[in-house]
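Asks: I would like the atomic coordinates for the input below:
(chains A and B)
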2 protein chains.
Amino acid sequence: MKNSLGANTIVPTTPVWVVGTYNQEGKPNVMTAAWGGVCCSQPPCIYVSLRKATCTYSNIVGRKAFTVNIPSEAYVKEADYFGIASAKNVDKFSVTGLTPEKSNLVDAPYVKEFPLVIECKVIKIVEIGLHTQFIGEIMDVKADSTVLNEKNLPDIEKVKPIIWNIAEMSYHGVGKGLGQSFSIGKEVKPKKQK
Amino acid sequence: MKNSLGANTIVPTTPVWVVGTYNQEGKPNVMTAAWGGVCCSQPPCIYVSLRKATCTYSNIVGRKAFTVNIPSEAYVKEADYFGIASAKNVDKFSVTGLTPEKSNLVDAPYVKEFPLVIECKVIKIVEIGLHTQFIGEIMDVKADSTVLNEKNLPDIEKVKPIIWNIAEMSYHGVGKGLGQSFSIGKEVKPKKQK
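Replies: Numbering: from 1, shown residues only, chains lettered A, B, ... in the order given. Modelled structure (predicted):
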């Protein structure tokens, strides 16, 4: 018998994604979102869900583009700050000393110091409720050489992305490896015959 | 200067969610999806993106409901198996010995042995490309007593959810705590004055 915890979003796990945009005047902004994920393989798409009250919402509506920037563990304080502060009051890049770099593919800036960035063009806007979902087609994924493995793919132990645990309002790193996908499942042996 | 890795979905981090559904005859099925996340706070909503070729796709179209079941680390092999095997060929519950429990709120089964389950009614279907996105309103989150903390909320160190790292096709646990959200960001001190 399971305990009912009510209708809410205390669902593990969500990512910590820093969304990069330009406002109408071309000023770069960043905000942290946990309502984000991959939503299609072909075309490759991710989304971020945002409240209309945010500057990032207006920026994406205006520019039809955004970047998702993966902070490594070393930037957990900056990532949290990007979720607390508002571009209405401060220049978040200036305060943190991080650098907005203009994407050569989409009309949005990325965070130079973050090891992995995803550049997106908005292809669909879905009204859900308090949050609006912006679905972006991935135009490119870019990474620092320092986080790539021998196959030229991101090594998660070097990227060190952050996970958000909403139920306890805590940030976490990625833990130990548990096995290879599309592989360890083959070890499952039928428990009973029908 | 960042390295271009191309337009693809090698984006950290994605969850490992086991989607529970009934087919037309009322037979329970489960499949593992990594294209899932929270997409709205009010009403509380999550989504899963699925290919039309899957049985789960047809089941959700028919029943307009699904559950998301969070496997703990101990079930990583079963979770991988649920992503490899197809209900066209096997009864995945029977093979793994896991138990489908009928939800009292939505027309879908959940996995009794998994510590945390989310019951959803489909409120929106979004065609994107290869994947179709099913947005479900969360009707309830249910958890085993054994994974709750003193505030009656899921303790992530007890739930032990799994993360998928697509770039290296590896599963991971949740790692060490890095701080509290909406809190540690306040320690950021302005790096320069404008």
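
Asks: residues touching A:E187, list them.
Replies: Listed by CB atoms under 8 Å, 6 or more residues apart in numbering or on different chains, the contact set of A:E187 reads B:K77. Placement of C-beta: from N, CA and C, glycine included.

Asks: so which helix or strand takes in A:N59?
Replies: Using DSSP states H and E, A:N59 sits within helix A:55-63.

Asks: show me what that helix packs onto, helices and strands only.
Replies: With contacts defined as 3 or more CB pairs under 8 Å, 6 or more residues apart in numbering or on different chains; DSSP states H and E, the packing partners of helix A:55-63 are strand A:17-22, strand A:28-33, strand A:45-51, strand A:65-70.

Asks: could you identify the helix or strand that succeeds the second one?
Replies: Elements were assigned by DSSP H and E; along the chain past strand A:28-33, the next helix or strand is strand A:36-40.

Asks: residues in contact with that following strand?
Replies: Identification of contacts with strand A:36-40 by CB under 8 Å, 6+ apart yields A:14-15, A:17, A:19, A:44-49, A:68, A:135, B:9, B:11, B:14-15, B:34-37, B:39, B:47, B:49, B:128-131, B:133.

Asks: buried sites along it?
Replies: Buried residues in strand A:36-40, counted by 16 or more other CB atoms under 10 Å in any protein chain shown: A:36-40.

Asks: what's the farthest-apart pair in the residues you listed?
Replies: The span of those, defined through CB to CB, is set by A:G36 and A:C40 at 13.6 Å.

Asks: hmm, back to that, chain B: which of the helices and strands packed on helix A:55-63 is closest?
Replies: strand A:45-51 (4.6 Å; CB to the nearest CB).

Asks: parallel or antiparallel, list what pairs with that closest one.
Replies: According to DSSP bridges, strand A:45-51 forms sheet pairs with strand A:36-40 (antiparallel), strand A:131-143 (antiparallel).

Asks: got JSON lines for those strands, with mean pLDDT too?
Replies: As requested, those are arranged in JSON lines below (pLDDT from 0 to 100):
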{"stretch": "strand A:36-40", "mean pLDDT": "98"}
{"stretch": "strand A:131-143", "mean pLDDT": "98"}
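
Asks: quick check: which of these is buried the most?
Replies: Most buried of the strands paired with strand A:45-51, by mean neighbour count (mean count of other CB atoms under 10 Å in any protein chain shown): strand A:36-40, with a mean of 26.

Asks: next one: it to chain centre, how far?
Replies: Strand A:36-40 sits 9 Å away from the centroid of its parent chain (CA atoms, centre = their mean, to the nearest Å).

Asks: coming back round to it: A:A87 is nearest to which of the helices and strands packed on helix A:55-63?
Replies: Closest of those to A:A87 is strand A:28-33, at 4.4 Å (criterion: CB to CB).

Asks: so for the closest one, mean pLDDT?
Replies: Average pLDDT, strand A:28-33: 98.

Asks: now do that strand: which elements does it pack against?
Replies: So strand A:28-33, by 3+ CB pairs under 8 Å, 6+ apart, packs with strand A:17-22, strand A:45-51, helix A:55-63, helix A:76-84, helix A:92-96.

Asks: adding mean neighbour count and mean pLDDT, write those out as JSON lines.
Replies: Shown next, in JSON lines, are the helices and strands packed on strand A:28-33 (neighbours: other CB atoms under 10 Å in any protein chain shown; pLDDT from 0 to 100):
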{"stretch": "strand A:17-22", "mean neighbour count": "26", "mean pLDDT": "98"}
{"stretch": "strand A:45-51", "mean neighbour count": "25", "mean pLDDT": "98"}
{"stretch": "helix A:55-63", "mean neighbour count": "19", "mean pLDDT": "98"}
{"stretch": "helix A:76-84", "mean neighbour count": "23", "mean pLDDT": "97"}
{"stretch": "helix A:92-96", "mean neighbour count": "21", "mean pLDDT": "96"}
